[in-house]
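1. Using only what follows, build the 3D model:
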Amino acid sequence: MKKQVLIYFKMKRLVMIGLVGLITTVFYSCQTPAANEESAAHNEEHSDHDEEATGEVRITREQADVLDLQLGRVERKSLDKNIKVNGYLDLYPQDKAAVTTFIGGNLANIYVKEGDKVKKGQILARLEHPDYIQLQQELQEGVSQLSYLKSEYERKEKLYKEDISSGREYQKAKAEYFAMQARVKALKAKLKLLNLQVDKILGGELYNTVPVIAPIDGYVGEVLVSIGDFAEPGTTMFLITNNDKTHVDFKVFEKDIYKVQQGQKAYFTIANRPGELIEARIEKIGRTFEDDPKAIHVHAAITGAVKTGLLPGLYVEGRIVIQEKPANVLPEEAIVKDGEGNFIFVLDEDESSENEMVFKPVMVTTGIEDAGFVEVAFAEPLPEEARIVIRGAYMLSSELIKGELEHDD
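-> Residues are numbered from 1 along each chain as shown. Below is the predicted model of the structure:
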């Protein structure tokens, strides 16, 4: 394989040398024999030197950083018989929350910032308002009255059954008792919704502020209030998203929807992870068409190892696999096209050192191109651990050509 690569690059240099030689012959045709002999000697020396070329590229680690080289390995993916789709990363409704209050209040404290990770039940902020104290006071008073009304109701009931008291007095006592009982239950429910501890309130404690609680695990996406703001009932104060539950929302056009089924594999790429194909699996298929364009939403669970950096709202390009046909693939950026030939750069671990990296070009045959990846085949299999330039290959090829030209000089 190495011999084929060397022949490829030597042929390229010979063509360049031939062109230079032709121009030199015409230009120096009128020169003296001595000059011609000197030129011939120079060409012979150049040719001998050229035979020693190896076609490899040697650069320092610092140069590799400047060229922004990225190394990777041959991956096994399916690129055949796919449906091309696009969409975005999304969350199901139960994995995102708008935090509000049902009783207005002023923001006394805010404990979180945008991007903070929070747990369900964690205090995000505190609200204060006289109405909160009023509710607690009414509960304490209501419980005290309830005890009296209960005993009065039981007394009137006993007298009524003994024909000592009238039915009207009995019915009045009963109505007052059950009305207060309902009021106390309602006050307890309101205070629980305000995340206050009812038992402590009944024990005589009063809270000046009420906590604003995170309803789900996740990350604080937005903080929409400031200290001192009055939060109206229903006003969104915080947006929380559980990004760990991010899934893919593909749009599948009408002509392709009959090909999609639950359980099928899918692959997608996102802009903030270039050159990475992330695996997913079809989970839910919509049952309602959008009018413009005519498409159905297809939801896919992310099954690949990547779980970080997947933010809801990111645009994705994907492929839904209709028929599995695994192939060896590399990112398009890894393939250098030179005329009718294609090659990649492989890191020579044995020749490389702490300060220098040595890359050798290897010829490849390309096949299907899809989703930013290219199917590749080698005349001789590469070792599984072979590290390949998957970003910056064209920059490295320019270094190769530059080295050849300097070598020819």
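2. distance of Q264 from T288?
-> Going from Q264 to T288 by CB to CB, to the nearest Å gives 20 Å. C-beta here means a position set from N, CA and C on the backbone, and glycine is covered the same way.
3. and if you look at I110?
-> Distance of I110 to T288, given as CB to CB: 40 Å.
4. out of the two, which sits in the more crowded spot?
-> Neighbours were counted for I110 and for T288 using other CB atoms under 10 Å; I110 has more, 17 against 6.
5. Pull the contacting residues for the more buried one.
-> L124, A125, V223, V225, S226, I227 (CB atoms under 8 Å, 6 or more residues apart in numbering).
6. Just the ones of those residues in strands?
-> Using DSSP state E, L124, A125, V223 are the members of those that sit in strands.
7. Residues in a beta bridge with the second one, which ones?
-> Under the criterion DSSP bridges, A125 forms beta bridges with I110, V212.
8. By neighbours, which of the contacts of I110 wins?
-> Busiest of the contacts of I110 [other CB under 10 Å] is A125, holding 24 neighbours.
9. can you pull the pLDDT of P361?
-> For P361, the model assigns a pLDDT of 89.
10. again with N208
-> pLDDT for N208: 93.
11. now K188
-> For K188, the pLDDT comes out at 94.
12. Same question for the one 4 residues further on.
-> We note a pLDDT of 93 for K192 in this prediction.
13. Helix, strand or coil: sort out it for me.
-> At K192 the chain is in helix, as set by DSSP: H, G, I helix; E, B strand; the rest coil.
14. didn't it look like it was pressed against D199?
-> No: look at K192 against D199 with CB atoms under 8 Å: they stay out of range, at 10.7 Å.
15. and which of the contacts of I110 is nearest to F250?
-> V223 (31.7 Å; CB to CB).
16. Just grab the bridge partners of the closest one for me.
-> Applying DSSP bridges, one finds that V223 bridges with F238.
17. Low-confidence regions, the stretch 51-200 of the chain specifically.
-> Within the stretch 51-200 of the chain, the segments meeting pLDDT under 70 span 51-54, 79-80, 165.
18. rerun that using 50 as the cut-off
-> Within the stretch 51-200 of the chain, the stretches with pLDDT under 50 are 51-54.
19. And the strands in it?
-> Ranges of strands in the stretch 51-200 of the chain, per DSSP state E, counting those that start in this stretch, are 57-60, 70-72, 75-78, 82-90, 96-99, 105-110, 117-118, 123-128.
20. any chance of those strands in JSON lines, with distance to E162 too?
-> Listed next are the strands of the stretch 51-200 of the chain as JSON lines, based on distance: least, CB to CB, whole Å:
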{"stretch": "strand 57-60", "distance to E162": "107"}
{"stretch": "strand 70-72", "distance to E162": "93"}
{"stretch": "strand 75-78", "distance to E162": "88"}
{"stretch": "strand 82-90", "distance to E162": "70"}
{"stretch": "strand 96-99", "distance to E162": "57"}
{"stretch": "strand 105-110", "distance to E162": "52"}
{"stretch": "strand 117-118", "distance to E162": "62"}
{"stretch": "strand 123-128", "distance to E162": "53"}
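21. Out of these, which gets nearest to D244?
-> When these are compared by CB to CB, strand 117-118 sits nearest D244, at 9.9 Å.
22. That closest one pairs with which strands, and in what direction?
-> As assigned by DSSP bridges, strand 117-118 forms pairs with strand 218-223 (antiparallel).
23. just checking, what packs against whichever helix or strand comes after the strand it pairs with?
-> Once the chain leaves strand 218-223, the next helix or strand it forms, by DSSP states H and E, is strand 230-231. Contacts defined by 3 or more CB pairs under 8 Å, 6 or more residues apart in numbering; DSSP states H and E place strand 230-231 against strand 105-110.
24. mind checking how far the strand it packs on is from the chain centre?
-> Remark: strand 105-110 is offset 33 Å from the chain centroid, using CA atoms, centre = their mean, to the nearest Å.
25. Counting neighbours, what do you get for N82?
-> Neighbours of N82 using other CB under 10 Å come to 21.
26. bridging residues for it?
-> Judged by DSSP bridges, the bridge partners of N82 are V321.
27. now F250
-> Counting by DSSP bridges, F250 forms beta bridges with G87, V298.
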